[in-house]
Structure formats: structure tokens, C-alpha cells
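Visitor: Okay, sequence plus prediction incoming.
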Amino acid sequence: QKEVEQDPGPLSVPEGAIVSLNCTYSNSAFQYFMWYRQYSRKGPELLMYTYSSGNKEDGRFTAQVDKSSKYISLFIRDSQPSDSATYLCAMRGQGGSEKLVFGKGTKLTVNP
Amino acid sequence: DTEVTQTPKHLVMGMTNKKSLKCEQHMGHRAMYWYKQKAKKPPELMFVYSYEKLSINESVPSRFSPECPNSSLLNLHLHALQPEDSALYLCASSPGTATDTQYFGPGTRLTVL
């Protein structure tokens, strides 16, 4: 079992739809959870960061972490064509030398 | 200044060439990273510098040689690369390795002929 599982998609939705992106993980030591957005041929851009369990909202984006289920989600409300990108979940443990572990990324297309 | 910059944006090199990739940040971050990303794959960690010292080398071949001249700069020296080394090379930085958030640069698209 991989440490982090993420459905690669592709996921195609109409403009205005609510998008749900998910990752599951196996390492209970993970404490920090991130979502990155990566446009084609560009570097990943940090979207959301959450520590431990809970929800965090930023504009149209909501990140949820359920540590009991080892499951994290990113919701995008009122999706726009400009949201079309690959979304990578990433997580790490508490220690100073802990590496960031990435999911494979989900490719999202929002159709006008 | 809240960004990581990388130069060049694109690089094409032959297998016998020597070239360098450069990365710069002025956020006062003390940890800097090199990642390699192949198409449709997540970034793979190559090296980590913490307080200008190499702290992690993910068993990267010696044809890749990192250098951290100061706390703002990170270089990746390339020599005798193979075509399979063609990829997007990403630099990232974070306040410290004990801190969770890494910020990525736009990457250098490397093609080895």
C-alpha cells in the first residue's frame, strides 16, 4: 500500500460545479496536510495548509482533514475554467527531517 | 518578496555538456530543496539544504551536484546527463526543515539530447 493514495482522474466538470478532490493515507504520523495546484508546465503553488484534523476555508476553497479515517479533501465551490490544473495533496510528519510525501495528483478540467 | 525564482526557464543540453540551474529566494527561509518532476508524476525529492548544509541526498547520481553558496541561493550543477534526466527541475524553500510549508519555484524545463 502506498503511503498516499490519490485518484489521478482525469476529472471533468462544468463551470460552476462543486469539485471534491480526495487523498487517503496510511501513515498515522502525518500531521501537516497541504494542497498544491499545478498548472501545466509550471511549479506547484501552495493552495491550502492544515495542521492535524479540522476544516479550513479560503475563498472558494475548503480543506478538510479527518485523521481518524486518514482522509483529506479539497472542495472547490463555483469552479471556474481557471481552476483547470493538476491538484496534488502532500503531507508530512512532525519531525524536523520529515520529507513531504505527495499524492500522484488529480487532473481537473472545468469546462465553460 | 514571497517567491522562489529559478533560471533558466528552459535548458537544452547535450550529454557531454556542463550546465547549472539556479534558484533564489529572499524570504529568509533556511531550508531549500531540489525536486525532479517527470510528466504526470508528483515531484521527487533530490536534495535538501538546511542552514546552507546538505542534510538530505536521496541517492541521486553524482552527475547532479548541488551547491548552496549562501542562504538565498541554491545551484544544481549538471554534468554528463542522460536523456532520461529530462524533466522539470523544481526548487522549493521553507522557513526551516522543522516547518511544514514548502514554496515552489516555477521550475526549469530540462531537455537532454
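Guide: Yes, it's here.

Visitor: Listing partners with orientation, what would you give for the strand or helix carrying residue B:88?
Guide: Under DSSP states H and E, the secondary-structure element containing residue B:88 is strand B:87-94. Strand partners for strand B:87-94, identified by DSSP bridges, are recorded as strand B:31-37 (antiparallel), strand B:103-104 (antiparallel), strand B:108-112 (antiparallel).

Visitor: Could you give me the buried positions within the last one?
Guide: Same thing as strand B:108-112. Going by neighbour count (16 or more other C-beta atoms under 10 Å in any protein chain shown), the buried part of strand B:108-112 is B:108, B:109, B:110, B:112. To be clear about C-beta, it is placed using only N, CA and C from the backbone, and glycine gets the same treatment.

Visitor: give the contact list for residue 35.
Guide: Unless you meant another one, I'm taking chain A. When contacts are counted by C-beta atoms under 8 Å, 6 or more residues apart in numbering or on different chains, residue A:35 is found next to A:21, A:46, A:47, A:48, A:49, A:61, A:63, A:74, A:87, A:88, A:89, A:90.

Visitor: that answer is for a different chain, and I need it for chain B
Guide: With contact taken as C-beta under 8 Å, 6+ apart, residue B:35 is in contact with B:43, B:44, B:45, B:46, B:89, B:90, B:91, B:92, B:104.

Visitor: Give me the buried entries from these.
Guide: Of all these considered here, the ones buried according to neighbour count by 16+ other C-beta under 10 Å are B:43, B:45, B:46, B:89, B:90, B:91, B:92, B:104.

Visitor: next structured bit after the helix or strand that contains the second one?
Guide: Secondary-structure element containing residue B:45, defined by DSSP H and E: strand B:44-50. Helices and strands here follow DSSP H and E; after strand B:44-50, the next one along the chain is strand B:53-57.

Visitor: could I get that following strand in PDB with only the CA atoms?
Guide: Only the C-alpha atoms of strand B:53-57 are listed here, as PDB (Å, rounded to 0.1, in the frame of the first residue of the first chain):
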ATOM      1  CA  LYS B  53      24.400  22.400   4.700                       C
ATOM      2  CA  LEU B  54      23.300  19.400   2.800                       C
ATOM      3  CA  SER B  55      21.000  17.400   5.000                       C
ATOM      4  CA  ILE B  56      19.300  15.000   2.700                       C
ATOM      5  CA  ASN B  57      20.600  13.400  -0.500                       C
END
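
Visitor: Let me know the angle separating it from strand B:44-50.
Guide: Strand B:53-57 runs at 160 degrees relative to strand B:44-50, counting by axes from the mean of the first three to the mean of the last three C-alpha atoms, to 10 degrees.

Visitor: Need the contact partners of strand B:53-57.
Guide: Residues external to strand B:53-57 that are found in contact with it (C-beta under 8 Å, 6+ apart): A:97, A:99, B:45, B:46, B:47, B:48, B:49, B:66, B:68, B:97.

Visitor: Quickly run through the sheet partners of the helix or strand following that strand, with directions.
Guide: Counting by DSSP H and E, the next helix or strand C-terminal to strand B:53-57 is strand B:64-70. Take DSSP bridges as the rule and strand B:64-70 pairs in its sheet with strand B:73-79 (antiparallel).
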